[in-house]
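Participant: could you look at this predicted model? Sequence included:
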2 protein chains.
Amino acid sequence: MPLTEFELISRYFDRPVRRDDVALGIGDDAALLRPPPGRELALSTDTLIAGVHFRDDFPPRDIGHRALAVNLSDLAAMGAEPAWAILALTLPAADEQWLDGFSTGFFELADAHHVALVGGNTARGPLNITLAVAGFVPVGMALRRDGARAGDAIYVSGTLGDAGYALENWRTADAATRQRLLRPLPRLALGMALRGVASGAIDISDGFAADLGHILERSRAGARVAVERLPLSPVLHKLDRSVAWRLALSSGDDYELCFTVPPAREGDLSAISARCGCALTRVGEITAGGGLQLLAADGAAITLERAGHRHF
Amino acid sequence: MPLTEFELISRYFDRPVRRDDVALGIGDDAALLRPPPGRELALSTDTLIAGVHFRDDFPPRDIGHRALAVNLSDLAAMGAEPAWAILALTLPAADEQWLDGFSTGFFELADAHHVALVGGNTARGPLNITLAVAGFVPVGMALRRDGARAGDAIYVSGTLGDAGYALENWRTADAATRQRLLRPLPRLALGMALRGVASGAIDISDGFAADLGHILERSRAGARVAVERLPLSPVLHKLDRSVAWRLALSSGDDYELCFTVPPAREGDLSAISARCGCALTRVGEITAGGGLQLLAADGAAITLERAGHRHF
């Protein structure tokens, strides 16, 4: 006997809400929420599709984690504190084993960041996982793409290219590198810590070069990046340099933050790095123009084969 | 040359925002919004899938209207004033003619209700249109499903079953009846007017009997409905009574409101009906228990073949 929509929601998604800013959660036509005064609401949406955003053989628990993680990463990139999520889940069938794994992975990450699932929708069709997430940021303190200025330093968190390496070498990649693809960790603590410090920020979902390009476009600026400074994990360090650089520059799915910092605030970063438990690496600086210049150690320009993930 | 994601968004969806509660719209990792003080935020999501929620031959302009309409209908059912929408659009290809029609229909309805599209996401895959919408309602004044009490009258707006009739008789249905399916009108003015008057409300998307059933379940109540009182359009009046009743009771997609009103407030409804320009019909009353009783004119019980749309 197949599940009805209501049984499905009740069994896998309608969990007790532990936030007192949720006046009404799952079960009505809309959730009723109480945004805190003096804050802006950051609202974002992201979609995962089988075969495009994850491999068909990914464990459902990782897919549940990943669906929420890539959405929370957008809030991290704004410096927002996450609060609420709504889930629109389109499924070919109500596979209870899949739903059990998916919801487990989803709520593990939600609970870790005090995110309440307050509503959603289920429909039958080709697998499509779309979330909308909302969070708060003090008025005027959000990290935007349009605030980078010439002379600002460019930083990235963590290491780059691991998720792309795992995708290209799925059978041979070690477990830790696979985890970078399966279970990206949204840099929420870092995003919040960068309020008032970073002049611009974006999360790296399409690839470092493409995502930095969005900052440059919105800030009407250029950048010089020293490619040998891009932070690489030990696995990528062992690769041929051109392969490692391609992955670090162009592969998506790392969900690290790329951000810009005015020289006067760079001194704050070592304490932030220690507090957030993640490496922050200076990879270049913003220029008044000239597009994105990628430079090797000898100063030679590097050309990218493709500038990150194109959706169409 | 196919469109990039950014060209697609810029060409079809990034329009000037005319709301001053939008601090930052499309183009960053998240929108930045300023909810008004003293209001609750109503947040909802709904998905449209080709072949499930609309026919493949529907004009894209109608699909654009419909995608927003079914979402705004959820806000209407809460008594909320709509404000913001985010759109997650999964498309098999960037068909410019389709996008032009879709976005035209979407923005026609958005503009009519001062709704700003503040963000979204595009991905490549089987067509899936998921929206999240947000609106405001004064604290504690939302129309919920759980407030109906024994003795309250049950009302519906407009007429029932027309959209279902159009779907079943697509080739022969007249233009006005087809419009009920193609271009449902969310009852936003009515929902807002019912604040403080209705004790419970829901929009009719799955069928009157199923949706009233949700009010009964959440309110832990029963209902007696006089089936001959269900409001029918002239087209349905001409049908065999059993066919018309089946459509009015069980077919979805009408997006009328079903709501309950305490006897002391029923006197308010004629002014509300006049102000909102829609008929409001008393079809029964809430009972302390006994489930949903559907009664013919002679008092005989009517049994439904199926209790509305099941998603799985």
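Facilitator: That came through, no problem.

Participant: contacts only, for A:Pro231.
Facilitator: With contacts defined as CB atoms under 8 Å, 6 or more residues apart in numbering or on different chains, A:Pro231 is in contact with A:156, A:158-160, A:248, A:279, A:281, A:283. (Each C-beta comes from the backbone N, C-alpha and C, glycine too.)

Participant: assign a three-state SS to it, would you?
Facilitator: What DSSP: H, G, I helix; E, B strand; the rest coil gives for A:Pro231 is coil.

Participant: can you give me phi and psi for it?
Facilitator: phi -70, psi 120 (degrees, to the nearest 10).

Participant: over to the one 10 residues further on?
Facilitator: Comment: the main-chain dihedrals of A:Arg241 come out as phi -60, psi -40, following degrees, to the nearest 10.

Participant: check the gap between it and A:Arg229 for me.
Facilitator: Counting by CB to CB, to the nearest Å, the gap between A:Arg241 and A:Arg229 amounts to 13 Å.

Participant: domain parsing for chain A?
Facilitator: Per the record, chain A has its domains at A:5-138, A:153-295, by automatic domain parsing.

Participant: out of the contacts of A:Pro231, which one sits closest to A:Leu75?
Facilitator: Nearest to A:Leu75 out of the contacts of A:Pro231 is A:Gly158 (CB to CB; 17.3 Å).

Participant: out of the contacts of A:Pro231, who has the most neighbours?
Facilitator: Per-residue neighbour counts (other CB atoms under 10 Å in any protein chain shown) across these peak at A:Leu160, which has 29 neighbours.

Participant: so it makes contact with A:Arg246?
Facilitator: No: A:Leu160 is beyond contact range of A:Arg246, at 10.9 Å (criterion: CB atoms under 8 Å).

Participant: one step back: adding distance to chain B and pLDDT, write the contacts of A:Pro231 out as JSON lines.
Facilitator: What follows is these, written out as JSON lines (distance: CB to the nearest CB, whole Å; pLDDT from 0 to 100):
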{"residue": "A:Val156", "distance to chain B": "15", "pLDDT": "98"}
{"residue": "A:Gly158", "distance to chain B": "17", "pLDDT": "98"}
{"residue": "A:Thr159", "distance to chain B": "21", "pLDDT": "97"}
{"residue": "A:Leu160", "distance to chain B": "18", "pLDDT": "98"}
{"residue": "A:Ala248", "distance to chain B": "21", "pLDDT": "96"}
{"residue": "A:Ala279", "distance to chain B": "21", "pLDDT": "98"}
{"residue": "A:Thr281", "distance to chain B": "21", "pLDDT": "98"}
{"residue": "A:Val283", "distance to chain B": "20", "pLDDT": "98"}
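
Participant: greatest separation within the residues you listed: which pair is it?
Facilitator: The two members of the contacts of A:Pro231 with the most space between them (CB to CB) are A:Ala248 and A:Ala279, at 13.9 Å.

Participant: touching chain B at all, the longest helix along chain A?
Facilitator: As assigned by DSSP state H, the longest helix anywhere in chain A is helix A:60-78. Yes: applying CB under 8 Å from any CB of the partner chain, one finds helix A:60-78 in contact with chain B at A:74-75, A:77-78.

Participant: swap in stretch A:190-207?
Facilitator: Yes: for stretch A:190-207 and chain B, the contact criterion (CB under 8 Å from any CB) is met by A:201-203.

Participant: surely A:Ala93 forms part of a strand?
Facilitator: No: A:Ala93 is assigned coil when assessed by three-state DSSP, not a strand.

Participant: pLDDT score assigned to it?
Facilitator: Listed pLDDT for A:Ala93 reads 89.

Participant: for A:Phe54, same thing?
Facilitator: Predicted confidence (pLDDT) at A:Phe54: the value is 78.

Participant: which residues sit in contact with it?
Facilitator: Contacts for A:Phe54 (CB under 8 Å, 6+ apart) come out as A:48, A:62-63, A:66.

Participant: please check the residues you listed and keep the buried ones.
Facilitator: Neighbour counting over the contacts of A:Phe54 (16 or more other CB atoms under 10 Å in any protein chain shown) leaves A:48, A:62-63, A:66 as the buried ones.

Participant: of all these, which comes closest to B:Ala110?
Facilitator: A:Leu48 (26.1 Å).
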